[in-house]
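Asker: sequence and predicted structure below; questions after.
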Amino acid sequence: MTNPIQPRLTQVFRFVRCSYADGVAELVYAFDQGEELIERVRFPAAPAVPAENKHAFEAALKLLHLIAGVSYYKAGVPPKIELADGPLDDCTANLLDALYLHGLAEFAYRNGLDLRGRIAFPRSSEGRGEGDTLAKALHLPKRTLVPIGGGKDSLVAVEAIKQIGGEATAVWVGNSPLIAACAERTGLPTLNIQRELAPGLFELNRLGAWNGHIPVTAVNSAILAVAAILYGYDSIAFANERSASAATLEYEGQQVNHQWSKGYAFEQMLSEWLHTHVAVDLDYCSLLRPYSELAITRAFAKLTPYFDAFSSCNRNFKILGPKPADRWCGQCPKCHFVFLALAPFLPKPRLLGIFGRNLLDDETQAAGFDALLEYHDHKPFECVGEGAEARAAMYALSQRPEWQEDALIARFRSEILPQLDVAGLALEPWLQPSSEHRVPARLQAALAVIG
Ligand SMILES: CC(=O)N[C@H]1[C@@H](OP(=O)(O)OP(=O)(O)OC[C@H]2O[C@@H](n3ccc(=O)[nH]c3=O)[C@H](O)[C@@H]2O)O[C@H](CO)[C@@H](O)[C@@H]1O[C@H](C)C(=O)N[C@@H](C)C(=O)N[C@@H](CCC(=O)O)C(=O)O
Ligand SMILES: Nc1ncnc2c1ncn2[C@@H]1O[C@H](COP(=O)(O)OP(=O)(O)OP(=O)(O)O)[C@@H](O)[C@H]1O
């Protein structure tokens, strides 16, 4: 398919329409008068939507259309956004404005763009709307969709729900065999939803579209909200850690967070939106919200049955292009961080067995670990823990005889540690949960299992 428009010169981004039939949602967008861009989301063996749930389903589908548009909007970032269905109520417009501004903050920063003042979803002039009252209860079955990402976090969430006897389904979006293997290993019922980006987007990329990071967790969340109504689940429990709310860097007064749609601000906005627009008994939360990355790696270190199946290395999850030959590329910030964060909690040979090598005994990886520690660099644009957390893990290893000789630990001791205040390097505070979360009452027992 060809698209003759010059994406960076477009004036209007249009949400053209969305529809659903026979398990397939079609989300349609266009720039100016250009060709339609059609994303499809396939829900396998989807049951018919009962009449009493139709309104909720339509609302969730509409939100998915609005949220998934971020992949296409970013190709041109034109000055105007147009909605075929008319303006949004304040609550919806606030959610979308925030998501596009903060979820695209890394994209904007890396492309030298400033999106402040540019993103304004059309909103109804009355100023009030559906967001002011709760939606009706749908009496959804008491069971949980647990999204699986192939990495450690979602597996910690799965095992916690299993331990409290919660009814749950392991669900994932996309066709990653690695995620499928992890989902299978959970022993839970599984649900695999397929997502096909509009082929026209790749054509736009070839034509020189703006490109960069998008808030993919928001897209997955919206897909799962549709799935919850379709298949009948009263809760969606992500595995987004406390550290995900921390900015990657600050630039001209704006926080840039690679993980914005994994953060608590987005979780609160979306869960409130679902309660007011879809169903008051549909809960959206993160089961790992109270925990730091280090608390999660400590919990994961006990889950040995997953050690030969999981991977946190995002290079596995590319849609296009080559995947790493091994589950762990060993070169990227995720590999660096997960190696470092697991190290305090696993016997060294066990850790080296997972990664097939010792990343902390490889001098060529020094710059990568320095960035994690925020030493001479900012935190990488990746899903990694806070700098202070990485420093605490490094310090803990530097005190252990079995790690002291390794090249990067020895370098930490001689070069970096003398510049740090040891009082701020304890591991223990990172293992304490915070009280901030939106986990519904019936899943709260799972929190005690993790912590
Ligand atoms: C797998 C990955 O990390 N991809 C990021 C990478 O994309 P790349 O161009 O190298 O290859 P593909 O993933 O094959 O994508 C091809 C193009 O498709 C477009 N695109 C893809 C997915 C999508 O949902 N929307 C899209 O528009 C885009 O034009 C791609 O170039 O680099 C991109 C640019 O920085 C990233 O946007 C790709 O990230 C994916 C969306 C992705 O799934 N990334 C997750 C692993 C990820 O970053 N998760 C974050 C969560 C952040 C959040 O707030 O949700 C995390 O774990 O911290
Ligand atoms: N393809 C996917 N389908 C559904 N949910 C996903 C997908 N990829 C990631 N997620 C979910 O998004 C959240 C954030 O992903 P993240 O990559 O941080 O978690 P993870 O893969 O479980 O662990 P790790 O941090 O080790 O990579 C998790 O709840 C994860 O399950």
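Answerer: Thanks, I have it. Residues are numbered from 1 along each chain as shown. Ligands and ions are numbered 1, 2, ... in the order given.
Asker: relative to residue 235, how far out is residue 224?
Answerer: Residue 224 is 10 Å from residue 235, where distance means C-beta to C-beta, to the nearest Å. Every residue, glycine included, has its C-beta placed from N, CA and C.
Asker: overlap in contacts, the two.
Answerer: Listed as contacting both residue 224 and residue 235 by C-beta atoms under 8 Å, 6 or more residues apart in numbering are residue 145.
Asker: figure out the helix or strand that residue 337 lives in.
Answerer: helix 333-342 (DSSP states H and E).
Asker: so what does that helix touch, helix or strand wise?
Answerer: Using 3 or more C-beta pairs under 8 Å, 6 or more residues apart in numbering; DSSP states H and E, the elements in contact with helix 333-342 are helix 293-300, helix 348-355, helix 366-372, helix 387-398.
Asker: outside of the third one itself, list whatever touches it.
Answerer: Counting contacts by C-beta under 8 Å, 6+ apart, the residues outside helix 366-372 that touch it are 331-333, 336-337, 340, 359-360, 376-380, 384-385, 387, 390, 394, 408, 411, 416.
Asker: just how off-centre is stretch 32-39 within its chain?
Answerer: 27 Å (C-alpha atoms, centre = their mean, to the nearest Å).
Asker: close to ligand 1, is that stretch?
Answerer: No. Applying C-beta under 6 Å from any ligand atom, one finds stretch 32-39 separated from ligand 1 by no less than 9.1 Å.
Asker: measure that stretch end to end?
Answerer: Taking C-alpha to C-alpha, to the nearest Å, stretch 32-39 runs 18 Å from one end to the other.
Asker: now that stretch: buried residues?
Answerer: Residues of stretch 32-39 classed as buried under the neighbour-count rule (16 or more other C-beta atoms under 10 Å) are 32, 34-35, 37-39.
Asker: reformat the residues you listed as CSV; add secondary structure.
Answerer: Output for the buried residues of stretch 32-39, formatted as CSV (DSSP: H, G, I helix; E, B strand; the rest coil):
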residue, secondary structure
32, coil
34, coil
35, coil
37, strand
38, strand
39, strand
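Asker: closest one to ligand 2 out of these, please.
Answerer: Ligand 2 has its nearest neighbour among the buried residues of stretch 32-39 in residue 39, at 15.1 Å by C-beta to the nearest ligand atom.
Asker: nearest residue to the closest one other than its sequence neighbours?
Answerer: The spatially closest residue to residue 39, leaving aside those adjacent along the chain, is residue 27, at 4.4 Å (C-beta to C-beta, 6 or more residues apart in numbering).
Asker: now the stretch 351-451 of the chain against ligand 1: closest residue?
Answerer: residue 383 (2.8 Å).
Asker: next one: that residue from ligand 2, what distance?
Answerer: 5 Å (C-beta to the nearest ligand atom, to the nearest Å).
Asker: assign a three-state SS to that residue, would you?
Answerer: coil.
Asker: contacting residues around it?
Answerer: Neighbours of residue 383 in contact, by C-beta under 8 Å, 6+ apart: 244, 258-259, 262, 312, 314, 334.
Asker: from those residues, which one has the minimum pLDDT?
Answerer: Within the contacts of residue 383, residue 314 has the lowest pLDDT, namely 88.
Asker: check the spacing between the closest residue to that one other than its chain neighbours and residue 195 real quick.
Answerer: In space, residue 314 comes closest to residue 334 once its chain neighbours are excluded; the distance is 5.6 Å by C-beta to C-beta, 6+ apart. Counting by C-beta to C-beta, the gap from residue 334 to residue 195 is 21 Å.
Asker: how about the stretch 301-450 of the chain: which residue is closest to ligand 2?
Answerer: For the stretch 301-450 of the chain, C-beta to the nearest ligand atom, closest residue to ligand 2: residue 312, 3.2 Å.
Asker: which members of the contacts of residue 383 additionally contact ligand 1?
Answerer: 258-259, 262, 314.
Asker: in strands, which of the residues you listed fall?
Answerer: Assignment to strands by DSSP state E places none of the ones next to ligand 1 among the contacts of residue 383 there.
Asker: most neighbours among the residues you listed, which one is it?
Answerer: In terms of neighbours by other C-beta atoms under 10 Å, the ones next to ligand 1 among the contacts of residue 383 top out with residue 262 at 26 neighbours.
Asker: would you confirm that that residue contacts residue 240?
Answerer: Yes. The pair residue 262 and residue 240 passes the contact test of C-beta atoms under 8 Å, sitting 4.1 Å apart.
Asker: in what helix or strand does the nearest residue to residue 123 once chain neighbours are set aside lie?
Answerer: Excluding the flanking residues, the one nearest residue 123 by C-beta to C-beta, 6+ apart is residue 93, at 3.9 Å. Assigned by DSSP H and E, residue 93 falls within helix 90-103.
Asker: and that helix, does that touch ligand 2?
Answerer: No. Helix 90-103 stays clear of ligand 2 (C-beta under 6 Å from any ligand atom), getting no nearer than 13.7 Å.
Asker: tell me what that helix is packed against?
Answerer: helix 54-68, helix 70-76, helix 264-277.
Asker: 6 Å instead, please
Answerer: Using 3 or more C-beta pairs under 6 Å, 6 or more residues apart in numbering; DSSP states H and E as the contact criterion, no helix or strand is in contact with helix 90-103.
Asker: following element in sequence after it, please.
Answerer: helix 105-111.
Asker: show me what residue of the stretch 151-300 of the chain gets nearest to ligand 2.
Answerer: residue 151 (2.3 Å).
Asker: distance of that residue from ligand 1?
Answerer: Shown here: residue 151 relative to ligand 1, a distance of 8 Å by C-beta to the nearest ligand atom.
Asker: so what's that residue up against?
Answerer: Residue 151 makes contact with residue 312 under the criterion C-beta atoms under 6 Å, 6 or more residues apart in numbering.
Asker: rerun that using 7 Å as the cut-off
Answerer: Residue 151 sits next to 310-312 when contact means C-beta atoms under 7 Å, 6 or more residues apart in numbering.
Asker: which phi and psi does it have?
Answerer: The phi and psi values for residue 151, taken as degrees, to the nearest 10, are phi -100, psi -170.
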